[in-house]
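Undergrad: could you work out the structure for the sequence below:
(one chain, ligands or ions: 1)
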Amino acid sequence: MIRLTLKPGRDESVRRRHPWLFSGAVAEARGDGSDGVAQVVDAGGETLALGSYSPDSQIVARLWSFGGGPIDSSLFRSRFAQARTLRERLVRPATTGYRLVNSEGDRCPGVLLDRYAGVAVLELTTGGTENWEAMLVEAAQEVFTPDRILVRRSGADRDRGQLPLPPGEGRGEGRDSAELSLVPFSENGLSFFADVIQGQKTGFFLDQRDNRARLRALAADQRVLNLFSYSGAFSVAALAGGAARAVDVDSSERALDLARRQRQANSFAASEVDFVRADVFEDLRRRVEAREEWDIIVCDPPAFAKKRSDVERAARGYKDINRLAMKLVALDGLLLTFSCSGLVDASLFQKIVFSAGLEAGRSFSLIARQGAGEDHPVSLDCPEGEYLKGL
Ligand code: SAH
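TA: The predicted structure is shown next:
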């Protein structure tokens, strides 16, 4: 255990149970952090909290316990059991893919656990929680009883301020064939596959479930352009809702391969022209030039802002794609536009989309604000957990 002593006057956020301790608040670190546990004490020596220690991160500790209780297997089991109780109240039988544990939102900072039918994927998103892998796997097995648990570690990358690369693209783990990596599950009665070993996130974007359902309800007879499609799940939802056509655009061939399969698994035709491998910025410019019109455009890019210094550049990126997409929306059409950058908050995102509309010369009205589903709870103590914003 390592003991982190706070600078005088820097204990306020810990006392308010905010789970993130920034390295700038720490006056002195003493002891050995190899077990991943940090003890946080104020300038006078009073113990305030225990958490996971990530020496390479600006967030040097993520706090799990404020009441003095130890961090051990029994804490993991009780936090997981609480998360399970919430899911039991929320999840509907037609959906077998959902988030079981959502980091700070389930008081398990640095731990994500997603279920795809019988397979659970545990993602450890901080260096500190990577140290607790064995105990966390055991607790997850006991509480959630999946057939199989797979572990993905993205902590080291995130600690250095990078978004993790999918394992197949950055590390030597790409040996598994696509087949082994694909796990079937259902979402609102539709069939999907999660690419649990090589895919992005834990293999699927579960956070967009409710927004896919919303699209499905709006899609009858519509022509849908799905930008940054990943595995095309928005398109499958649109086709299930009777869309006339849905086109996926993504730069990743692997993602588009999976998108073809998702359509086939739901008995929709997978015609080659509906899968476009391209950079969305370039693809949109071409479509604008060709004066295309689409009834519904979905725009769900990756997080453009990974650290605070990225925000300005990210804002320009969001504005550019939204401006181009808006030019393509038919009269009476709809744009579903998202940002998953935690650092771009809802009000900034709305301003960006507003100025994109001005520059596009198009007038839009807001009919709904959207976020992640209820299996992605956000702790009131940590509002930063509300990363996904949709308009
Ligand atoms: N909407 C998807 C998730 C999108 S994730 C879903 O609901 O499943 C973001 C996707 O954008 C990834 O698949 C990534 O391959 C793709 N991507 C990132 N930058 C891109 C670019 N410049 N052009 C095209 N695709 C891009």
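Undergrad: from here on, contacts and neighbour counts on C-alpha atoms
TA: OK.
Undergrad: which bits of the chain sit near the ligand?
TA: 205, 208, 228-234, 250-252, 255, 278-280, 300-302 (C-alpha under 6 Å from any ligand atom).
Undergrad: how far away from the center of its chain is whichever strand or helix holds Ala49?
TA: Element membership for Ala49, per DSSP states H and E: strand 47-53. With C-alpha atoms, centre = their mean, to the nearest Å as the basis, strand 47-53 stands 26 Å off its chain's centre.
Undergrad: burial check on the spatially closest residue to Asp310 that is not a sequence neighbour, number of neighbours?
TA: Nearest residue to Asp310, sequence neighbours excluded (C-alpha to C-alpha, 6 or more residues apart in numbering): Phe304, at 7.5 Å. By other C-alpha atoms under 10 Å, the residues close to Phe304 number 21.
Undergrad: now do Phe204
TA: Neighbours around Phe204, by other C-alpha under 10 Å: 21.
Undergrad: now it: how far from Tyr230?
TA: Between Phe204 and Tyr230 the computed distance is 9 Å (C-alpha to C-alpha, to the nearest Å).
Undergrad: ok, back up a step: out of the residues of the chain next to the ligand, which are buried?
TA: Using 16 or more other C-alpha atoms under 10 Å as the burial test, these include 205, 208, 228-234, 250-252, 255, 278, 280, 300-301 as buried.
Undergrad: list the contacts for the residue nearest to Asp310?
TA: 310-311, 314, 317-318, 341 (C-alpha atoms under 8 Å, 6 or more residues apart in numbering).
Undergrad: which element, helix or strand, includes it?
TA: Counting by DSSP H and E, Phe304 is part of no helix or strand.
Undergrad: which pLDDT value belongs to it?
TA: pLDDT, Phe304: 93.
Undergrad: phi, psi of it?
TA: Phe304 adopts backbone torsions of phi -80, psi -30, taken as degrees, to the nearest 10.
Undergrad: Ala140 - nearest residue in space that isn't next to it in sequence?
TA: Phe80 (7.0 Å).
Undergrad: so the one you found belongs to a strand, correct?
TA: No. Using DSSP: H, G, I helix; E, B strand; the rest coil, the secondary structure at Phe80 is helix, not a strand.
Undergrad: distance of it from Val101?
TA: 7 Å.
Undergrad: go on, Ala219?
TA: 31 Å.
Undergrad: which one's more surrounded, these two?
TA: More neighbours surround Val101 than the other of Ala219 and Val101, with 30 against 25 (other C-alpha under 10 Å).
Undergrad: so which strand or helix has that one?
TA: Applying DSSP H and E, one finds Val101 within strand 97-102.
Undergrad: give me the contacts around that strand.
TA: 80, 83-84, 87, 91, 108, 111-117, 185-187, 206, 375-377.
Undergrad: the helix or strand just after that strand packs against which elements?
TA: Sequence-wise, the next helix or strand downstream of strand 97-102 (DSSP H and E) is strand 111-116. Where contact means 3 or more C-alpha pairs under 8 Å, 6 or more residues apart in numbering; DSSP states H and E, strand 111-116 is packed against strand 97-102, strand 119-124, strand 182-187.
Undergrad: what's the second one packed up against?
TA: Using 3+ C-alpha pairs under 8 Å, 6+ apart as the contact criterion, the secondary-structure elements in contact with strand 119-124 are strand 111-116, strand 148-153.
Undergrad: chain center to that strand, what's the gap?
TA: 13 Å.
Undergrad: partner strands of it, with direction?
TA: Paired strands of strand 119-124, with direction, are strand 111-116 (antiparallel), strand 148-153 (parallel) (DSSP bridges).
Undergrad: what are the C-alpha coordinates of that strand, in PDB please?
TA: The C-alpha trace of strand 119-124 is given here as PDB (Å, rounded to 0.1, in the frame of the first residue of the first chain):
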ATOM      1  CA  VAL A 119     -19.600 -14.400 -22.000                       C
ATOM      2  CA  ALA A 120     -18.500 -11.600 -19.700                       C
ATOM      3  CA  VAL A 121     -15.800  -9.200 -20.700                       C
ATOM      4  CA  LEU A 122     -13.900  -7.500 -17.900                       C
ATOM      5  CA  GLU A 123     -12.100  -4.400 -19.000                       C
ATOM      6  CA  LEU A 124      -9.500  -2.900 -16.600                       C
END
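Undergrad: right, I'll leave it there.
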